[in-house]
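Student: from the sequence below, what's the structure:
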Amino acid sequence: MRRERFDKINVVPFIDIVLVLLVIVLATATFANKKSVKVDLPTASSKQVDEQKSIMISIDKDGKYFYEEKEMPLKEIEEKIKKLDPKKDIISLQTDQKTEFQKFVTIIDILKEKEFQNLSVITK
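Tutor: This is a model prediction of the structure:
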């Protein structure tokens, strides 16, 4: 049996190892946040105050509705939503895992009907 001459190096396994190490580094690396320039802004006498309300609507596992942590029927919540500004105010919606999906959809329908633009769904 003759032995072949060894004049080539197989680099495919080396490339595989390097790619695996690259994936590990990218998966575990913390990415730097963009730093912002700190500026002390001047004040003006004609400044406008942009008042945004952040409203939390919750639905528990029993299907009870809560508006800002106060239990309310759906009709009252709908009336309170009518008084908010759909372009400025922020609505946060959180539901229990075991809540009927229809309860969630009902709130979303009310918010879509009023054309709310700032809506967030809270998840874990």
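
Student: and the lowest mean pLDDT element among the helices and strands of this protein?
Tutor: Within the chain, no helix or strand scores below strand 118-121, which has a mean of 84 by mean pLDDT, DSSP states H and E.

Student: any idea how far it is from the chain center?
Tutor: When distances are taken as C-alpha atoms, centre = their mean, to the nearest Å, strand 118-121 is centred 8 Å away from the chain's centroid.

Student: which residues does that strand contact?
Tutor: The contact list for strand 118-121, computed with C-beta atoms under 8 Å, 6 or more residues apart in numbering, reads 87-94, 111. C-beta here means a position set from N, CA and C on the backbone, and glycine is covered the same way.

Student: hmm, try it at 7 Å
Tutor: Applying C-beta atoms under 7 Å, 6 or more residues apart in numbering, the external contacts of strand 118-121 come out as 89-93, 111.

Student: can I get the buried part of these as one ChimeraX selection?
Tutor: ChimeraX command restricting the contacts of strand 118-121 to the buried ones, with burial defined by 16 or more other C-beta atoms under 10 Å:
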select :89,91,93,111
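
Student: how about the contacts of strand 118-121, which pair is most distant?
Tutor: Spatial extent of the contacts of strand 118-121 (C-beta to C-beta) is set by the pair D89 and L93 at 13.0 Å.

Student: all helices of this protein, in order?
Tutor: 12-28, 74-82, 101-113 (DSSP state H).
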